[in-house]
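S.K.: return a 3D structure for these sequence lines:
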Amino acid sequence: MKLLCSQEELLRSLQLAVRVIPTKTTMPILNGLLLETRNDQLFCLGSDLEIGIEVEIPEVTIITPGRVVVAGRTFYDVIRHLPTGRIEMGLDQNTNTFKINTANSSFELNTFPAEEYPVLPEGIKTIRLVREDKTAVSDHTLFSLSAADFSTAVKQSIYATAPNDSRPFLSSVLWEIDRGKLRLVATDINRLVVKDLPVNGEFNEEFLVPVKSLKEMALIFGDDPSDEINFLLLNRQLYAAGRGVVFYTRLINAQFPRYEQVIPEDFDGQIECDRTSFLTALTRSSLVDSAVKISLSTDSLNIYAMSPDLGQFSEDLSCSYQAEPLEIGFNVYYLMDFLKVIGPEQQVVFNLSQGMKASVLKVKGSEDYTYVVMPLRLNY
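M.R.: Down below sits the predicted model:
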């Protein structure tokens, strides 16, 4: 194996690939990255057996094809510290080392046996076939979505999960795909998010995606509206492909609760207010305590927080409210989480209920994003 490549392009690709290398593993070869030539192109693969990534490295000249596994983070650090420009790399069959040369620097890195690297999942092979034959369409293709829409949907759902909880449905997000619509549902018991997106697919599927995987996908594919991500489902693994990158993840084998029953339909009052004013007032409230009391009267909203150690906070906001006077407590950060991930110019509709019944936040004029939040019992 011998090739020439661009330091800048190789570094950009390795920045993505090293993200999936496990911090701890009983299989040392998973600390490595597989470099493989195919059809005059170079691909870099990494995996921890739960998630994985294949990155096509551009601007490569293949002199001798082949495959090699090198220590991933060491390889990344070496490339990161080399000067920009062309790099010559190759496997020395005599010493079984991977040589990296520039005009003035050279490295020889130890390698792992390439034949011991985990077998690539079937979905990677399927995506390769579709890419090589532009007219082919995989039977496993779910839908495509712009990177910007996907990134927004992830941001608007994962904050309502509990990633470190041992209960699978709390550390994952439910995907419901139903003929042209993708619904993401997330919960941490105290709150629930339902986010709907239109997609161009005709499948009907339902599965749980780990929160960790969603975070990685959003970071890897970015939020450029002109970039498109294609999603495939094969052998209980979800694949996302775009920009020369294929990311895959195992799905969670668990049952998600009947979330529809949690979304209330009747309320005791409704606020309409400016998102920015509401968020800045709640942010000031959080400086005193994590609990906040919201008091409502005709076209008036009062935000109050009190801490025996720190003191008190109170602020009045103008709003649209025509129901009976109402007082209710919330975890202030639960409200702020929702307000932070919607557009800055949005008007907010807040449907509230007396007692300990759930309330619902939405963006005015939109039904594609529903946030259900439980109240907090206050002793003042």
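
S.K.: low-confidence regions, the stretch 51-200 of the chain specifically.
M.R.: Along the stretch 51-200 of the chain, the parts satisfying pLDDT under 70 run over 130-139.

S.K.: now do the contacts for the closest residue to residue 334 other than its chain neighbours.
M.R.: Leaving aside its sequence neighbours, residue 334 sits nearest to residue 373 (C-beta to C-beta, 6 or more residues apart in numbering; 5.2 Å). For the C-beta atoms, the positions are set from N, CA and C on the backbone; glycine is no exception. Applying C-beta atoms under 8 Å, 6 or more residues apart in numbering, we find residue 373 in contact with 190, 191, 192, 330, 334, 335, 338, 358, 359, 360, 361.

S.K.: just those: which are in strands?
M.R.: Residues of those located in strands (DSSP state E): 191, 192, 330, 359, 360, 361.

S.K.: in the residues you listed, find the pair that's most separated.
M.R.: 192 and 330 (14.4 Å; C-beta to C-beta).

S.K.: now do stretch 36-44: everything it contacts.
M.R.: By C-beta under 8 Å, 6+ apart, stretch 36-44 touches 1, 3, 5, 13-14, 17, 33-35, 45, 54-57, 60, 62, 65-67, 128, 132.

S.K.: domain boundaries for this protein, per the record?
M.R.: As assigned by automatic domain parsing, the chain contains the domains 2-116, 138-257, 263-373.

S.K.: could you dump those to a markdown table with distance to residue 380?
M.R.: Formatted as a markdown table, these follow (distance: least, C-beta to C-beta, whole Å):
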| stretch | distance to residue 380 |
| --- | --- |
| domain 2-116 | 45 |
| domain 138-257 | 21 |
| domain 263-373 | 6 |
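
S.K.: so which of these is the most surrounded?
M.R.: Ranked by mean neighbour count under mean count of other C-beta atoms under 10 Å, these are led by domain 138-257, which reaches a mean of 18.

S.K.: what's near enough to touch the residue nearest to residue 187 when sequence neighbours are not counted?
M.R.: Leaving out its chain neighbours, the residue that sits closest to residue 187 by C-beta to C-beta, 6+ apart is residue 160, at 6.1 Å. Residues counted as contacts of residue 160 (C-beta under 8 Å, 6+ apart) are 186, 187, 188, 191, 192, 193, 337, 371.

S.K.: dump these to a markdown table, plus distance to residue 269.
M.R.: Shown next, in a markdown table, are these (distance: C-beta to C-beta, whole Å):
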| residue | distance to residue 269 |
| --- | --- |
| 186 | 26 |
| 187 | 24 |
| 188 | 25 |
| 191 | 19 |
| 192 | 20 |
| 193 | 22 |
| 337 | 22 |
| 371 | 17 |
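
S.K.: just the residues you listed now: which is nearest residue 221?
M.R.: For these, the nearest to residue 221 is residue 186 (19.2 Å; C-beta to C-beta).

S.K.: which SSE is that closest one in?
M.R.: Element membership of residue 186, judged by DSSP states H and E, is strand 181-187.

S.K.: pull the residues that contact that strand.
M.R.: Strand 181-187 is contacted from outside by 143, 145, 153-154, 156-158, 160-161, 169-170, 173-177, 192-199, 256-257, 259, 262, using C-beta under 8 Å, 6+ apart.

S.K.: partner strands of it and their direction?
M.R.: If you go by DSSP bridges, strand 181-187 pairs up with strand 172-178 (antiparallel), strand 191-198 (antiparallel).

S.K.: out of these, which is closest to residue 230?
M.R.: Nearest to residue 230, of all those, is strand 172-178, at 13.6 Å by C-beta to C-beta.

S.K.: shouldn't residue 18 be in contact with residue 74?
M.R.: No. Here residue 18 does not reach residue 74: they are 10.2 Å apart, not a contact under C-beta atoms under 8 Å.

S.K.: dump the strands paired with strand 181-187 to TSV, plus distance to residue 99.
M.R.: Output for those, formatted as TSV (distance: least, C-beta to C-beta, whole Å):
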stretch	distance to residue 99
strand 172-178	43
strand 191-198	47
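
S.K.: ok, back up a step: would JSON lines of the contacts of residue 373 with distance to residue 352 be doable?
M.R.: Formatted as JSON lines, these follow (distance: C-beta to C-beta, whole Å):
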{"residue": "190", "distance to residue 352": "16"}
{"residue": "191", "distance to residue 352": "14"}
{"residue": "192", "distance to residue 352": "16"}
{"residue": "330", "distance to residue 352": "10"}
{"residue": "334", "distance to residue 352": "14"}
{"residue": "335", "distance to residue 352": "11"}
{"residue": "338", "distance to residue 352": "14"}
{"residue": "358", "distance to residue 352": "10"}
{"residue": "359", "distance to residue 352": "5"}
{"residue": "360", "distance to residue 352": "8"}
{"residue": "361", "distance to residue 352": "10"}
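
S.K.: each with direction, which strands does the one helix or strand residue 349 maps to pair with?
M.R.: Residue 349 is located in strand 347-352, with elements delineated by DSSP H and E. Sheet pairing for strand 347-352, assigned by DSSP bridges, gives strand 269-274 (antiparallel), strand 359-363 (antiparallel).

S.K.: nearest to residue 105, of those?
M.R.: Counting by C-beta to C-beta, residue 105 lies closest to strand 359-363 out of those; the figure is 53.9 Å.

S.K.: what's in contact with that closest one?
M.R.: Taking C-beta under 8 Å, 6+ apart as the rule, strand 359-363 contacts 263-264, 267, 328, 330, 335, 338, 342-343, 346-353, 369-375.

S.K.: try 7 Å this time
M.R.: Contacting residues not belonging to strand 359-363 are listed as 264, 338, 342, 346, 348-353, 369-373, 375 [C-beta atoms under 7 Å, 6 or more residues apart in numbering].
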